[in-house]
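In: A structural model of the following input is requested.
(2 chains)
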Amino acid sequence: MSTASIASKPAETTTGEFEREAVPPQAQKGASKFWGMYAGEHAAGTEFMIGPLFLLAGVSLQNIFLGLLFGNLMAILSWRFICAPIATKARFTLYNHLEKISGKWLVLLYNLANGLLFCFLAGAMITVSATAVGIPFDMTMPTTDDWLPNSAMFVVIVLAVGLVISIVASLGYDTVAKFANIASPWMVLVFLACGIVAYKQLGATSWADLNSIWSESIVFAQDGKSESTMGFWSVFTFAWFCNAAMHVGMADLSVFRFAKKASSAWATSAGMYVGHYMAWIAAAFMLAAQIRLNQDPNPVPGPMANNVAGLAGITCVIVAGWTTANPTIYRAGLAFQAMAQTIFPNVSRFWATFTAGLVATIAGAFPAFAWQLLGFVGLYGTILAPMGGVIFFDWYFRRKGNAIEFQRTSPVSSFSIPVLLAWLIPVVPSFYLIVYKGYTAVNFVLPCWLATGILYLLFSKKVKTA
Amino acid sequence: MITTLRTIAWLGLVLTLLPSILFFFDAISLENLKTAMTAGMILWLVFSPLVQKAKTKLVNDLR
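Out: Numbering: from 1, shown residues only, chains lettered A, B, ... in the order given. Okay, the predicted model is just below:
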């Protein structure tokens, strides 16, 4: 998934690039600026996990190919027709836009939720990187049965990787962002090469052959069973909403406010079909090849990449994990800093980011977060995306798309109760059903998004826009 | 200068992808593929930043 679109955004909150004002025409960019950015961002460390998790969930090959094809298309359309039109008219960051609707204190609460979720996501990326760093040290790799740390060596490597990432993120974002931009074309090609090699190692000569090998891999991975917990619609919904916080959740208002036209959002198709199609399928083939050649169903990215691409594969896992975890921790740090500064005005960004890094590192020592990535991504969308529903319904039904008036507007209150209630009423019971009753998280994203938007309209009926 | 650096950097990308295609058609072994991809990685990660640096310097000089 990417988390990735998270990757290039922290800069805008810190470098004074129209943080508190609408982006002026001279700072707006053409569509070409967005294509490379999205292609690179969605080839992240988590892609190495998600593809193999489909195999372990027993998803048929046909459902993967078609579910991802149409699900990713829906994600692209969501960016193009829900997020980008508002971004290119209002031209504010998500936080600034939301602040005008809900007031600064509610934005801080949203930031806290955002920051914590980012930490756990970064933790999964630290786990991914640690599996590659651990190879030369002969580290015992965690298995899908290990929810807790499986060895002292694993903990030491996670701590080392996490501390390096935390310190680099705390010192600044620019260097990592530059390195990520340089590495991204190479990472995309490594993913493609890994997929080609893994496909060859599977030894399939036809579609029927490939299907049969795939089914055998599922049976082997599930200890002789062949149960599918995800069908076409599950894959479709997952592909659509794994980045829900970014498109329907409006986090990418921060990106597309720089676009001259809403049509620039077609650039997200590069990210979806490179990262969430090619890379996921390549990673899934890598696990199938590992099962066929080594009888090892453990979806640990480091060894999987080593099997098909050697040192380049190992490096790609480390770089992909690092370049995505770093800005994720950075953003979490900014969210924590904003929270902490309401009580302690002098809290520095360094310590806020370092604290976020430590939380992520501790989370990284628990492989459960990486194994549960499919569910976690859905939970992340269910909690954060509904705020995008507030923005969408507010924009079209209360402001009637009047950008000039919106840019001049100030929040009605510093803590909007209607927005808070509209957010919590659908999200709290959904959270309960997902976490305590085991329902599939990603299925709650759209209902919560719609319910939050409609409830917001109902609750705020008597509150005039300022 | 930039052209040379850029050519070497691009060679790194070629060495990242081409070996997998050759492996697919049984033209090289897995060991050779891994070696070539490692060489490609080093070329790209070393020379691509140098291209960026040279481009920045050129832009600054032109100003």
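
In: Might you report the residue contacts of the nearest residue to A:Ala31 once chain neighbours are set aside?
Out: Nearest non-adjacent residue to A:Ala31, counting by Cβ to Cβ, 6 or more residues apart in numbering or on different chains: A:Ser264, 4.2 Å away. For glycine as for every other residue, the C-beta is placed from the backbone atoms N, C-alpha and C. Residues in contact with A:Ser264 (Cβ atoms under 8 Å, 6 or more residues apart in numbering or on different chains) are A:29-31, A:33-34, A:84, A:88, A:256.

In: Now with 10 Å, please.
Out: A:28-35, A:38, A:79-80, A:84, A:87-88, A:255-256, A:258 (Cβ atoms under 10 Å, 6 or more residues apart in numbering or on different chains).

In: Phi, psi for it please.
Out: Per-residue torsions, A:Ser264: phi -60, psi -20 (degrees, to the nearest 10).

In: So A:Met139, which state does it fall into?
Out: coil (DSSP: H, G, I helix; E, B strand; the rest coil).

In: Return the distance of it relative to chain B.
Out: 20 Å (Cβ to the nearest Cβ, to the nearest Å).

In: Locate the nearest residue to that residue once chain neighbours are set aside within the secondary structure: which element?
Out: What sits nearest to A:Met139 in space, not counting adjacent residues and going by Cβ to Cβ, 6+ apart, is A:Met153, at 4.8 Å. A:Met153 is part of helix A:152-171, with elements assigned from DSSP states H and E.

In: What residues of the helix or strand just after that helix count as buried?
Out: Following helix A:152-171 in sequence order, the next helix or strand is helix A:174-202 (DSSP H and E). Residues A:176-177, A:179-202 are the ones in helix A:174-202 that count as buried (16 or more other Cβ atoms under 10 Å in any protein chain shown).

In: Please export the C-alpha coordinates of stretch A:365-382 as CSV.
Out: Output of stretch A:365-382 as CSV, limited to C-alpha atoms (Å, rounded to 0.1, in the frame of the first residue of the first chain):
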residue,chain,number,x,y,z
ALA,A,365,9.6,-5.6,17.4
PHE,A,366,6.2,-7.2,17.3
PRO,A,367,5.9,-9.0,13.9
ALA,A,368,2.1,-9.1,14.4
PHE,A,369,1.8,-5.6,12.9
ALA,A,370,3.5,-6.8,9.7
TRP,A,371,1.5,-10.0,9.5
GLN,A,372,-1.8,-8.1,10.1
LEU,A,373,-1.0,-5.4,7.6
LEU,A,374,-4.1,-6.2,5.4
GLY,A,375,-6.4,-5.6,8.5
PHE,A,376,-4.4,-2.7,9.8
VAL,A,377,-4.6,-0.8,6.5
GLY,A,378,-8.3,-1.2,6.6
LEU,A,379,-8.5,0.0,10.2
TYR,A,380,-6.4,3.0,9.3
GLY,A,381,-8.8,3.9,6.5
THR,A,382,-11.8,3.4,8.7
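
In: Can you name every helix or strand that the helix holding A:Met153 contacts?
Out: Judged by 3 or more Cβ pairs under 10 Å, 6 or more residues apart in numbering or on different chains; DSSP states H and E, the packing partners of helix A:152-171 are helix A:104-133, helix A:174-202, helix A:301-341, helix A:349-364.

In: The last one vs helix A:104-133, what angle?
Out: So the one you mean is helix A:349-364. Note on geometry: by axes from the mean of the first three to the mean of the last three Cα atoms, to 10 degrees, helix A:349-364 and helix A:104-133 are set 60 degrees apart in direction.

In: model confidence over helix A:349-364, on average?
Out: Mean pLDDT, computed over helix A:349-364, is 90.

In: Residues contacting the helix or strand just after that helix, please?
Out: Next in sequence after helix A:349-364, counting helices and strands by DSSP H and E, comes helix A:368-371. By Cβ under 10 Å, 6+ apart, the surrounding residues in contact with helix A:368-371 are A:45-46, A:48-49, A:53, A:56, A:119-128, A:130-131, A:142-148, A:299-301, A:360, A:363-364, A:376.

In: contacts with chain B among the buried residues of helix A:174-202, please.
Out: Subset of the buried residues of helix A:174-202 in contact with chain B: A:179, A:181-183, A:185-190, A:192-201, counting by Cβ under 10 Å from any Cβ of the partner chain.

In: Three-state assignment for the closest residue to A:Gln222 other than its chain neighbours, please.
Out: Of all residues not flanking A:Gln222 in the chain, A:Gly58 sits nearest, at 6.3 Å (Cβ to Cβ, 6+ apart). Following three-state DSSP, we place A:Gly58 in the coil state.

In: ok now do A:Gly58, which residues does it touch?
Out: Contact analysis of A:Gly58 by Cβ under 10 Å, 6+ apart lists A:215, A:217-219, A:221-222, A:225-231.

In: Pull the number of nearby residues for residue 43.
Out: Reading this off chain A. Residues lying near A:Ala43 (other Cβ atoms under 10 Å in any protein chain shown) number 30.

In: switch to chain B, that's the one I care about
Out: For B:Leu43, using other Cβ under 10 Å, the count is 20.

In: Most proximal residue of chain B with respect to chain A?
Out: Nearest to chain A, among the residues of chain B, is B:Lys34, at 2.9 Å (Cβ to the nearest Cβ).

In: Contacts only, for the closest residue to that residue other than its chain neighbours.
Out: Leaving aside its chain neighbours, B:Lys34 sits nearest to A:Gly310 (2.9 Å; criterion: Cβ to Cβ, 6+ apart). Neighbouring residues of A:Gly310 by Cβ under 10 Å, 6+ apart: B:30-31, B:33-38, B:41.

In: who's in contact with the residue most central in space within chain B?
Out: Closest residue to the average C-alpha location of chain B: B:Gly12 at 1.7 Å, with Cα atoms, centre = their mean. Applying Cβ under 10 Å, 6+ apart to B:Gly12 gives the contacts A:185-186, A:189, B:37, B:39-48.

In: what about stretch A:23-40, start to end distance?
Out: 24 Å (Cα to Cα, to the nearest Å).
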